[in-house]
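> Structure for this input, please:
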Amino acid sequence: MNQNLENLADIEIETMDLSGKADGTYRGTYKAFPIEVILDVVILNHEIIEIIIIKHQTGEGEPAEGIIPDIISAQSLDVDVIAGATYSSIVIKLAILDALN
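Below is the predicted model of the structure:
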């Protein structure tokens, strides 16, 4: 389990390109045992206007959800992870990428 989570830190998170993304709501998921995230990303005029957590199964990583306002404000995944919830923060970012790809 620890190795699975430690591998998350090695994943390179791609840059988001919203220029060709149509308005709508996109579902994304990502799972790295024991963390699982299901979320919806709402796009309007090529910008993320809302990210809705549908499911966030985690041990103590609930504070990672605080990364969402940073991502929306920056319109980028290139934001700092939440201290103490690093792995959940990364899984949230990867679920957002899944929604947008």
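
> if I pick Ile68, what's in contact with it?
The contact partners of Ile68, by Cβ atoms under 8 Å, 6 or more residues apart in numbering, come to Ile51, Ile53, Ile92. In this view, the C-beta of every residue, glycine as well, is placed from N, C-alpha and C.

> Now restrict those to buried residues only.
If you count burial by 16 or more other Cβ atoms under 10 Å, the buried members of the contacts of Ile68 come out as Ile51, Ile92.

> How about the worst-scoring helix or strand of the chain on mean pLDDT, which residues are buried there?
For the chain, scoring each helix and strand by mean pLDDT, DSSP states H and E identifies helix 2-8 as the least confident one, at a mean of 76. For helix 2-8, the neighbour count (16+ other Cβ under 10 Å) marks Leu5, Leu8 as buried.

> do stretch 44-55 as well
Going by 16+ other Cβ under 10 Å, stretch 44-55 has these buried residues: Ile48, Ile51.

> going forward can the numbers begin at 35, since that is how I track them
Sure, I'll start numbering at 35, so the last one becomes stretch 78-89.

> From the rest of the structure, what touches it?
Here stretch 78-89 has contacts from 52-53, 55, 57, 61, 70-77, 99, 102, 105-106, 109, 126, 130, using Cβ under 8 Å, 6+ apart.

> Thanks a lot, catch you later.
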